[in-house]
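In: Sequence plus the predicted model coming up.
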Amino acid sequence: MFKSNEVLQWIGAILIVAGHALNSLGSEYHQDFWNIASFTVGTAMFLVWALRVGNKPQATVNVISITIMLVGLYKALG
C-alpha cells in the first residue's frame, strides 16, 4: 500500500509540473486545454492519495481545485 501511495504522489507531481510548463508557453501556443487537463489529472492523483491516507485538508483543497479546473476545461473546449 505504501508503494502505491508514493506512485500516486509522483504521478500527480509530474502532471502538475507539466501543467506549469505548458502554462509557461503562453496562450499564443493554444495550450489551454492541455495545461488544464494536466493539472486536473495531477490533482485527481493527489486527491486519491489524500483520501487513502486520510489527509482531509489536502482532500478539500484538491476537490476545490478540480472543480475550478473542470470549469476551465469546459471554457477551453467551448
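Out: That came through fine. Just so it is clear, the model here is predicted, and its values are computed rather than measured. Numbering: from 1, shown residues only.

In: Residue ranges in this protein under the pLDDT threshold?
Out: The chain contains residues with pLDDT under 70 at 1-2, 27-31.

In: ok, which stretches of it are helices?
Out: Ranges of helices in the chain, per DSSP state H, are 2-24, 32-53, 56-77.

In: what angle do the first one and helix 32-53 make?
Out: Which is helix 2-24. Between the axes of helix 2-24 and helix 32-53, defined by axes from the mean of the first three to the mean of the last three CA atoms, to 10 degrees, the angle is 160 degrees.

In: if we can go back for a sec, let me know which of the helices of the chain is tucked in deepest.
Out: helix 32-53 (a mean of 19; mean count of other CB atoms under 10 Å). For glycine as for every other residue, the C-beta is placed from the backbone atoms N, C-alpha and C.

In: ok and that one relative to helix 56-77, angle-wise?
Out: Going by the same axes, to 10 degrees, helix 32-53 makes 160 degrees with helix 56-77.

In: Against which helices or strands is helix 32-53 packed?
Out: Judged by 3 or more CB pairs under 8 Å, 6 or more residues apart in numbering; DSSP states H and E, helix 32-53 is in contact with helix 2-24, helix 56-77.

In: quick one: the closest residue in space to I11 that isn't next to it in sequence from H20, how far?
Out: Nearest residue to I11, sequence neighbours excluded (CB to CB, 6 or more residues apart in numbering): M45, at 4.9 Å. As for M45, its distance to H20 is 15 Å (criterion: CB to CB, to the nearest Å).

In: do K75 as well
Out: 19 Å.

In: P57 now?
Out: According to CB to CB, P57 stands 22 Å off from H20.

In: same check, this time on A76
Out: 16 Å.

In: Ok, S38 next?
Out: According to CB to CB, S38 and H20 sit 9 Å apart.
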